[in-house]
Every structure is written in structure tokens, then in C-alpha cells.
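**Q** no sequence on hand, only this structure:
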Ligand SMILES: CCCCCCCCCCCCC[C@H](O)CC(=O)SCCNC(=O)CCNC(=O)[C@H](O)C(C)(C)COP(=O)(O)OP(=O)(O)OC[C@H]1O[C@@H](n2cnc3c(N)ncnc32)[C@H](O)[C@@H]1OP(=O)(O)O
């Protein structure tokens, strides 16, 4: 696959679309220049752009595939930085939809365009011919419309509008960039208002919303029918209207109505609707306003979806309605008001859609595809038509009944030539290929003289037949000396191992078969990895579990930028079984960097685990995975009993855990250099332990400035902070020495190094004399699992923390304490002896995100202090029984 020669793209306009298009291009590791007007703001001449860049970091869904992609975007303004345009191969204008503004801008930038640079507009409403009016021929031949859909990173559709003046080399160049680098699917549209998807989408929105309000129907029921029966995205029609914004819908529709011919049916369905006007007046314009048809209200942290009551423009909680209809046919045959409503709108909608042929496009498959890729319809509108009992005939009959004119596409019977198979736009053209090998789960094609294997099971799941065929195919490829491509025929790569098959084996207690399945999977992966031909896996959509493991064992991965991939099974309690973890480590290790990887985004890095940085992969992926598996097992009765038995039967401690201490040693070690002397005996000391220490503080000239012997609880007693930090992790009998900066020698006016010199460093000597035995936690008797191990500063002794906690008896799952049930989060200082000691122990060293699950004996659940009765469960428990503590940090 050849990469395009586009090195730099300029996007002009840093509004919602412009900045998101810039992010999309930056995601493909292409340099971007983002320009906008000069700001008069005190924030400087580029203040508008700086704000846009900041917004990119916070928008949801995330426009950036990684924060580092921001480095590919250079900002500038349209006065000081126009010369940056001359470095760019493509210039995409995404400024306000006003023809005069666009023309002024073109006049300003055209002198800076380099030869052969492509000038494109992202307009959604202004015709190409109007935009090009007055341009020199040399510019006209490289001026086009590239219409991206919002959000550009996620919507695959790109409508391309050209005319006969555009040079064919330019078309080729932009098409390659949009498809190969940006992963878009191009649909060519004629130069008509709204092009394809918005013309149809906005028509449907206005038709449904305005007629439903007129007929006094319930938006909730209508949306439920659209999402359940027509498989539209969950937003439905009214939800989408809110999402786009009623103000924006008004702009789009008024502009369409103005530019469409007077006989166009958009004019007729765009009914004046008083209630919509009132909503606009009251700023009920959707999600960005004070509500729309729907609103989310948050009371006491609880979110409730509400729907508007048109009688007084208040909102009422959404009621769930039982779906009366099981299919579209049932709905359309019903004499209910909703049945009638859908009959009416569907006939109008389809007559309109079909009537766009040939003016807007002559390709009905493109219309179908545009709505799938631009509006996220699971089933395209033309495909949906075939779900009606009589398909096109139904439309024809209804139109005759309602006395509505039929479009030429129906009257000339063109619709009879539609081939259903063409609605599936495969990534390889099966018509051009020959099947060489095949079983019920996978096929090998010879496509353009290349060997291509595709999985054909549900969700492309991996079963024995898939593995058998892959092994066979690798052998054949080796015999022929030809590389092997693994390409899905679907929009996804694979959902991984066939979980239903695994579940069946487990249910039948057939662990021999399960073992065989795992072994076959491992053999297949090994075969892929060590084959002497190249294995090239082309992935799109998702590649989960075993699907990801296929990618990891391939020589090359051609990954769509939006591929979701990972060893997700750990979150459902399954360990990856086909060698994925080892490959993940292998690839993450710089020295062993796997063979080069190609991606469709022009980026030479694999898209595998794009959200996971290298530190996380190498650092704690395994630990995190195993923790997740154990945590999930602990949520089931069998899992808890399994652990209980495992721990009790062998009568041994739950394995060594020195993780917490290590984290803090590392952390403290980076703050000050600490030297330890002697091995010590009992310990280590940690938060909440009552310790007796002797300490000395000396200045840089070794003058003793403070010395004392103190007994205190680590973390709970106000003392010079460095002393808490250094003592943590010490063994009784051990001594430590550290050099500390001045801020760690100061606590408050009562406990501090007198007359502190803020430029000086201090020496601290500590000797740990004892740890109070009756609140000692032995790390060897505690096991800790984190569901999230982020690289953040861990909590330390004395830190204030707010968290939710739950204590469960491992033997029977009985919940002994649950802060959520008491509707109260706990706020404590780590080390406070009025809380069970295990809580301090568990919080200490925890990064302040996610949930920490701890298994420990009952004796550690005691609180030494009794001033306040905090989470006291000690009366309910035996000292030697195992309990599970779950802690989730709240802020
Ligand atoms: C006592 C000791 C016991 C020890 C036992 C040890 C066993 C060890 C076995 C280890 C095997 C490891 C194998 C390998 O290394 C790792 C894996 O591959 S594990 C699998 C990882 N994959 C997943 O977790 C994906 C699960 N699926 C999903 O998340 C979603 O389905 C989806 C893929 C995101 C798609 O979502 P949707 O579009 O919403 O679609 P649906 O969810 O409705 O699914 C549609 C349809 O497909 C079926 N399906 C989906 N995935 C699988 C699958 N992996 N296997 C089988 N079937 C799958 C789904 O059930 C639906 O079916 P329907 O309801 O229509 O019948």
C-alpha cells in the first residue's frame, strides 16, 4: 500500500469542525497548521486557537487518539502567519457558513498557495459552483468540497464534491489521503444543497419532529420505535435533534429551504411549528441549552433523563413504554396513532430519498452507505426497505393510495435491478476473487493473486475450524512462497475466542476439550509467528482477546486508526490463553521491537493498545491483568470459596506482598536519599502502626538541632513530615539516615525545626525501637489487588483521603460494612488509629484512583483508638477468619 505524499495540511477555522479535523489529521501523524483570525483578547493574538487546542483535550468523544498528537498541530493567525500556508499540500477551509466570508478568505490565502496545493472547503450547505465563482482557472482545477461528518474522528463518511474542472491527479491525491491516511470512506455527491446524508438526515429529522408535535405524539415512544425496530442509534430522532442543537437545525433547514427548488418536498414538510419556536425563545435548544426534548437532571449525584411536557415546558422523568410492536411490518399494519404516523412519514421519507436519484447521486447503494457511515445507522435505509413485507411495492402502493407522485426511479422500474449483496461493502471484492480453501468458519481467497484468509463465524469468533484452516493456509502460503493476508469481510476483525464454545466445555466438565482448544489456539499463533512468509493482518472495528492475539503474532498490522483492540478478557476473569501477554511484552520492549508495522493512518507505529503507554505495558500489565481476574472471581460465590479453600487448606500465608512498601521506598527515595543500616527483626512499620523511634536532626555542619524519643502512630500524629516518610518501611532495630530539603523539616509552628533555613538541607537519623505488637499487620498475611494501577503519586501516611469502603466475609459473602448503604463516604487521615488498622495499611501506597481489594485476617480489622466508632466491625468477626475489604477513592 503506498502512502500519499501529503506532508502538511492547513486547516483554517478552529471552531468545532475545524479543530476536530485538525485533530483527525494530527492523529495520522501528519503535520497540521491550524489558522484562525487574530484575537483582540488579552490572551494574545492566537487566543482563539489556544482555546481551541485546550478544548481538544477535554472534548468527548475524544478527538485526539493521544495527547502527544497535539504536537503535530502548529497554530497561527491569519495575519502574522499566512506564509505557513505555502508549506502545505492541502488547505481545508472550515470557517463560518457565509459565502462572503469564505470568498474574502480565499482571496487572502490564494497568493500563498504552493503549486498543486489542493484547496478544499468543508462547507455543508454552500454549492461548489458558488464557492468557485470568480476564481482563476489554475485554482478552480484544484478546488473541491470535502465534507466531513461530526465528530470527524469517528464518522467514516466523507462526501466529496467535484466538478469537471478538477484535475484528475488532484482527485487521486486527495482520495488517497482521505482513505489511506485518514481512513475515510468517500462518497461522491453531486453539487446539490446538503449533498447526500444531510439532505436525507435533516429531512427525516424535520419531518418526524414537526409532524409529531403537530399530531401531539410522545417523542419517547417515537424514539423507542426508531431505535428498537429501525435500529437507529440510541439518540433516536428527537435526541439527535437535541444533540445537533435546535438553533443549528434551524440554520441548516432554513438554508436548505432557501436553496432548494420550490417544488422540493423539504419545503412542504418544514412546517411552521409554534412549540419549536417557543423552545428556541426559552433557550431549550438541546444539550447545549437549558434542555431540549430531553434533559438530564442531576439531583444528589443521581442522573435522571427527563422529557419535555409541552403544556408548560417543564420536564418529567422518562417513563419506559412497553413496545407494542414486534416488527416494522406489525407497526405499519397497526391502526394505532403511531402505526398511522409511521405509515405517513415512511412513505414521504422514501419517496423523498428515492427522488434524489439522479440529481443528488445516481447510486442508490451510496445513499444507503452514506446514512450508515454519516448517521451511524446500523441498517441503511434502502436495506431497511427490504424488511417491509412488500419492499418497494409497499411504497408504490402507499403513494398511489395517498395520491403522491412517484419518482422516476420507481416508475421506470430501476429499483427492480437492486442487488441486495451490494449493500455489504466488503473490504475485498469477492467478485474478483476465487475461493481456494473453505470450511464452515473461515475461507481462503485468491484475490488479485494474493492469499487472503477471512473468518466467517458470528463476530468472527475463533473456534477449532478457524484455527485448523489458518494452520492449513499458512502451510499453503509457505509452499507457494506467498505472503498471507488476514482480512475481515466485516466491519470488525474478531471478537476473540468463541466464549460460547468455552462455556459449553466448562459446563460439560470437558476440560480435556478445553485444553485441546487452548493448545490448538497456541499452535496456530505460533505457526503465524514463525511462518517463513509474511503474515499481514488488516484490522478494523475491534480485535478483542484472541483477535488481538492474532495481530500480536502477525508480522505486519494494517490497523485502522479507530481500531479497538486489547486483551479485554481479563476484565471478565479470563486469562489470555493464546500467548498474547508474552507478545505484548515483547512488542513493548524497545530492544525486541517487533517487525515493522504498517498502519492505514500513515503512522509507523502499531495501533495496538493505543490508550496504553509503554510504561503501563511493561510496568504492570501482568499484575493488573491478574488482579482483575482475581477480583472478578471474588465477586462469585465459587470464587470466594475457591480462595478460602486455597488459603485455609494449605494453612499458609497468602503469599508475600511487598508491593506497597516498594512503591513508597521508591517514592521517598526520589525525594531524599535514604540509607538503611542493619537488617532489623520485626516489621516493616507502616501507616497506623504505633512506633517508638529515636530521632535526631542535624544541620549541614553536623550540629545537632533537635533530638527526641517519641511514640506515635505513623501518619496520625503531627510530626515533621520527613520523619513519617523515613520511618515508613523500617524494621525494628534498624536505623536510617537521610538528607532532607527544608520543606520536609517543617510541619507547623509547634513541631518543626526551629529557625529553619530555607536554603539549607538537613540530616535526619532515625532508630526504630519498637512497633506496638497488638496492632501489627504482617504483610505476608495480606493480599492486595488493584483494578487500576496508574502512574500517579501514591497516598502516604498522614494524607487526607475520602473513600467508599465495603467489608465482606470471605467464607459466606456476608457484607459486614458498606459505606454506600450508609450513604456516606469516609474521610480520614491515613494512619488514624480510630479506624481499622487494615484501612490505613491498604490506603497507604495506593494511587488515588480505582478500587483496591484487600484480603486479610480479621485481627487487622481492629481499631486501636476508640474515640469514635468508625467502621467498627471487630465485634462481628473472628481474628483468624479472612475478610475482603474494597476501597474506592472518591475525590
Ligand atoms: C475452574 C477453572 C476454569 C478455568 C477455565 C479456563 C478457560 C480458559 C479459556 C481461556 C481462553 C482464552 C482465549 C483467548 O486467549 C482470549 C479470548 O479471546 S477471550 C474472548 C475475548 N472477547 C471478548 O471478551 C468479547 C466479548 N464480546 C463483546 O464484548 C461484544 O459482544 C462485542 C464483540 C463488543 C460486540 O458487541 P455488540 O455489537 O453489542 O454485539 P453483542 O454483544 O450483542 O454480540 C452479538 C452476538 O455475538 C456473540 N458474541 C460476541 N462475542 C462473542 C465471543 N467472543 N464468543 C462467542 N459469541 C460472541 C454474542 O453473544 C451475541 O450472540 P447472540 O446473543 O446474538 O446469540
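**A** Received the coordinates, thanks. None of the values given here were measured: they were computed from a predicted structure.

**Q** so where is the stretch 601-750 of the chain shaky, pLDDT-wise?
**A** Applying pLDDT under 70 to the stretch 601-750 of the chain flags residues 601-626, 641-673, 717-719, 721, 742-750.

**Q** the strands in it, which residues?
**A** Using DSSP state E, counting those that start in this stretch, the strands of the stretch 601-750 of the chain run over residues 673-677, 690-698, 704-713, 735-740.

**Q** against the ligand, how distant is the residue lying closest to residue 334 once chain neighbours are set aside?
**A** Closest residue to residue 334 apart from its sequence neighbours, by C-beta to C-beta, 6 or more residues apart in numbering: residue 325 at 6.4 Å. Just so you know, the C-beta spots here come from the backbone N, C-alpha and C atoms, and that holds for glycine as well. Distance, residue 325 to the ligand, using C-beta to the nearest ligand atom, to the nearest Å: 21 Å.

**Q** can you tell me the helix or strand for residue 394?
**A** Secondary structure from DSSP states H and E places residue 394 in helix 392-401.

**Q** residues making contact with that helix?
**A** Residues outside helix 392-401 that contact it (C-beta atoms under 8 Å, 6 or more residues apart in numbering) are 332, 343, 346-347, 350-351, 354, 385, 388, 390, 404-406, 410, 415-416.

**Q** what about it, distance to the chain center?
**A** Centroid separation between helix 392-401 and its chain, computed with C-alpha atoms, centre = their mean, to the nearest Å, is 44 Å.

**Q** buried residues, it. List them.
**A** 392, 394, 395, 396, 398, 399 (16 or more other C-beta atoms under 10 Å).

**Q** can I get these in a markdown table including distance to the ligand and pLDDT?
**A** As requested, the buried residues of helix 392-401 are exported to a markdown table (distance: C-beta to the nearest ligand atom, whole Å; pLDDT from 0 to 100):
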| residue | distance to the ligand | pLDDT |
| --- | --- | --- |
| 392 | 29 | 92 |
| 394 | 28 | 93 |
| 395 | 30 | 94 |
| 396 | 34 | 94 |
| 398 | 33 | 94 |
| 399 | 35 | 95 |
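
**Q** adding distance to residue 763, write the residues you listed out as a markdown table.
**A** Formatted as a markdown table, the buried residues of helix 392-401 follow (distance: C-beta to C-beta, whole Å):
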| residue | distance to residue 763 |
| --- | --- |
| 392 | 89 |
| 394 | 89 |
| 395 | 89 |
| 396 | 94 |
| 398 | 91 |
| 399 | 93 |
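
**Q** what's the closest of those residues to residue 639?
**A** residue 394 (53.7 Å; C-beta to C-beta).

**Q** how much space separates the closest one from residue 467?
**A** Plainly put, residue 394 is 45 Å away from residue 467 if you go by C-beta to C-beta, to the nearest Å.

**Q** what does this protein put close to the ligand?
**A** Listed as neighbours of the ligand in the chain under the rule C-beta under 6 Å from any ligand atom: 458-459, 461, 495-500, 502, 506, 514, 542, 544-546, 549, 568-569, 572, 574, 576-578.

**Q** of the residues you listed, keep whichever come out buried.
**A** Counted by 16+ other C-beta under 10 Å, the residues of the chain next to the ligand give 459, 461, 495-499, 502, 514, 542, 544-546, 549, 568-569, 574, 576-578 as buried.

**Q** secondary structure element holding residue 341?
**A** Assigned by DSSP H and E, residue 341 falls in helix 337-355.

**Q** run through who's touching that helix.
**A** By C-beta under 8 Å, 6+ apart, the residues outside helix 337-355 that reach it are 200, 203-204, 207-208, 211-212, 215, 217, 221-222, 225, 265-266, 269, 324-325, 331-333, 364, 367, 381-382, 385, 395, 398-399, 402, 404-407, 409-410, 415.

**Q** from those, which land in strands?
**A** Per DSSP state E, strands hold no members of these.

**Q** PyMOL command to pick out the buried ones of those?
**A** Applied in PyMOL, the following selects the buried portion of the contacts of helix 337-355 according to 16+ other C-beta under 10 Å:
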select buried, resi 200+203+204+207+208+211+212+221+222+225+265+266+269+325+331+332+364+367+381+382+385+395+398+399+407+409+410+415
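
**Q** nearest to residue 302 among the strands of the stretch 601-750 of the chain would be which one?
**A** strand 704-713 (37.7 Å).

**Q** partner strands of the closest one, with direction?
**A** Take DSSP bridges as the rule and strand 704-713 pairs in its sheet with strand 690-698 (antiparallel).

**Q** between the strand it pairs with and strand 735-740, how big is the angle?
**A** Strand 690-698 and strand 735-740 are oriented at 50 degrees to each other (axes from the mean of the first three to the mean of the last three C-alpha atoms, to 10 degrees).

**Q** residues making contact with strand 690-698?
**A** When contacts are defined by C-beta under 8 Å, 6+ apart, strand 690-698 is touched by residues 685, 704-714, 720, 723, 727, 745, 753, 762-772, 775, 833, 864.

**Q** show the buried residues in those.
**A** 685, 706, 712-714, 720, 723, 727, 745, 753, 762-768, 771, 775, 833, 864.

**Q** quick one: which of these sit in helices?
**A** Assignment to helices by DSSP state H places the following of the buried ones among the contacts of strand 690-698 there: 723, 727.

**Q** for the nearest residue to residue 832 once chain neighbours are set aside, give its distance to the ligand.
**A** Nearest residue to residue 832, sequence neighbours excluded (C-beta to C-beta, 6+ apart): residue 716, at 4.9 Å. Distance, residue 716 to the ligand, using C-beta to the nearest ligand atom: 43 Å.

**Q** report pLDDT for residue 203.
**A** According to the prediction, residue 203 has pLDDT 98.

**Q** my guess is it contacts residue 266. True?
**A** Yes: counting by C-beta atoms under 8 Å, residue 203 touches residue 266, with 5.7 Å between them.

**Q** distance check, the residue lying farthest from the centre of the chain against the ligand.
**A** Residue farthest from the centre of the chain, counting by C-alpha atoms, centre = their mean, is residue 703 at 57.6 Å. Distance, residue 703 to the ligand, using C-beta to the nearest ligand atom: 64 Å.

**Q** check residue 484 too.
**A** To the ligand, residue 484 is 21 Å away according to C-beta to the nearest ligand atom.

**Q** count the residues that sit near residue 511.
**A** 10 (other C-beta atoms under 10 Å).

**Q** quick one: contacts for it?
**A** Contact analysis of residue 511 by C-beta under 8 Å, 6+ apart lists residue 505.

**Q** pLDDT weak spots in the stretch 451-600 of the chain?
**A** Short version for the stretch 451-600 of the chain, where the test is pLDDT under 70: 573, 588-600.

**Q** surely the residue nearest to residue 832 touches residue 829?
**A** Yes: Residue 716 lies in contact with residue 829 (C-beta under 8 Å); the separation is 6.1 Å.

**Q** could you pull out the helices for the stretch 101-250 of the chain?
**A** Assigned by DSSP state H, counting those that start in this stretch, the stretch 101-250 of the chain shows helices spanning 128-132, 137-140, 168-176, 197-214, 219-228, 236-244, 246-259.

**Q** now the stretch 351-500 of the chain against the ligand: closest residue?
**A** Of all residues in the stretch 351-500 of the chain, residue 496 sits closest to the ligand, at 2.7 Å by C-beta to the nearest ligand atom.

**Q** tell me who's in contact with that residue.
**A** 461, 462, 544, 545, 546, 547, 548, 549, 568, 569.

**Q** what about residue 41, how many residues nearby?
**A** 12.

**Q** tell me the spacing between it and the ligand.
**A** Remark: distance between residue 41 and the ligand (C-beta to the nearest ligand atom) = 45 Å.

**Q** name the helix or strand for that residue, please.
**A** Per DSSP H and E, residue 41 falls between elements, in no helix or strand.

**Q** the closest residue to it other than its chain neighbours: how many residues sit nearby?
**A** Counting by C-beta to C-beta, 6+ apart, residue 41 lies nearest to residue 47, which is 3.8 Å off, once chain neighbours are set aside. Residue 47: 16 surrounding residues under other C-beta under 10 Å.

**Q** now swap in the one 5 residues further on and tell me
**A** Other residues near residue 52 number 23, with proximity taken as other C-beta under 10 Å.

**Q** I'm done for today, thanks for sticking with me.
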